[in-house]
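1. sequence first, predicted coordinates after that:
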Amino acid sequence: MDSIKYIGLDVHKDAIVIAVLNDNGKLVMESIIETKASTILQFIQGLRGDLYLTFEEGTWAAWLYDLLKPQVTKVVVCGHLRPVYHGENGIRTLKELARSYLTISKDLTRVISCVT
């Protein structure tokens with residue numbers, strides 16, 4: 001039985017960076033190929049299984065969509081992605097230290113009240 005593969009393309013004028021993940025989300029292949037129809041089709045046709053493909057909206061999006069739609073199970077063209085804030089490492093460390101201080105303070109108060 002063929003598996004599901006998720007394919008992400010980072011498309012540039014001269015080259016496309018490709019990442020292929022299996023149905024468990026594990027990276028199984030990375031490649032850099034020419035931005036050329038025959039090369040792209042050869043790469044995609046070399047993959048087996050249900051292929052889910054995604055790339056960003058841009059100069060090459062309409063051409064790539066038309067080229068690859070018949071070759072894969074599904075194509076998703078992404079638009080504007082919204083970033084998610086994860087904070088700076090220093091801020092994270094400060095928050096962890098503050099949380100530890102509060103926990104220790106509560107524990108100390110509990111221990112003192114049990115002893116007296």
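-> Ah, there it is. Residues are numbered from 1 along each chain as shown.

2. so residue 76 versus residue 8, what's the distance?
-> Distance, residue 76 to residue 8, using CB to CB, to the nearest Å: 10 Å. Using the backbone N, CA and C atoms, a C-beta is placed for each residue, glycine as well.

3. quick one: which of the two has more around it?
-> residue 8 (16 against 11; other CB atoms under 10 Å).

4. hey, what's in contact with both of residue 76 and residue 8?
-> Residues touching both residue 76 and residue 8 by CB atoms under 8 Å, 6 or more residues apart in numbering: 53, 54.

5. what residues of the top helix by length along the chain count as buried?
-> Ranked by residue count and defined by DSSP state H, the top helix of the chain is helix 89-115. If you call a residue buried by 16 or more other CB atoms under 10 Å, then helix 89-115 has no buried ones at all.

6. which regions of this structure lie under the pLDDT threshold?
-> 1-2, 81-90, 92, 116 (pLDDT under 70).

7. mind giving me the packing neighbours of whatever helix or strand residue 63 lives in?
-> According to DSSP states H and E, residue 63 maps onto helix 61-68. On a contact count with 3 or more CB pairs under 8 Å, 6 or more residues apart in numbering; DSSP states H and E, helix 61-68 meets strand 4-11, helix 37-45, strand 50-56, strand 74-78.

8. just say helix, strand or coil for residue 70.
-> Secondary structure, DSSP: H, G, I helix; E, B strand; the rest coil: residue 70 is helix.
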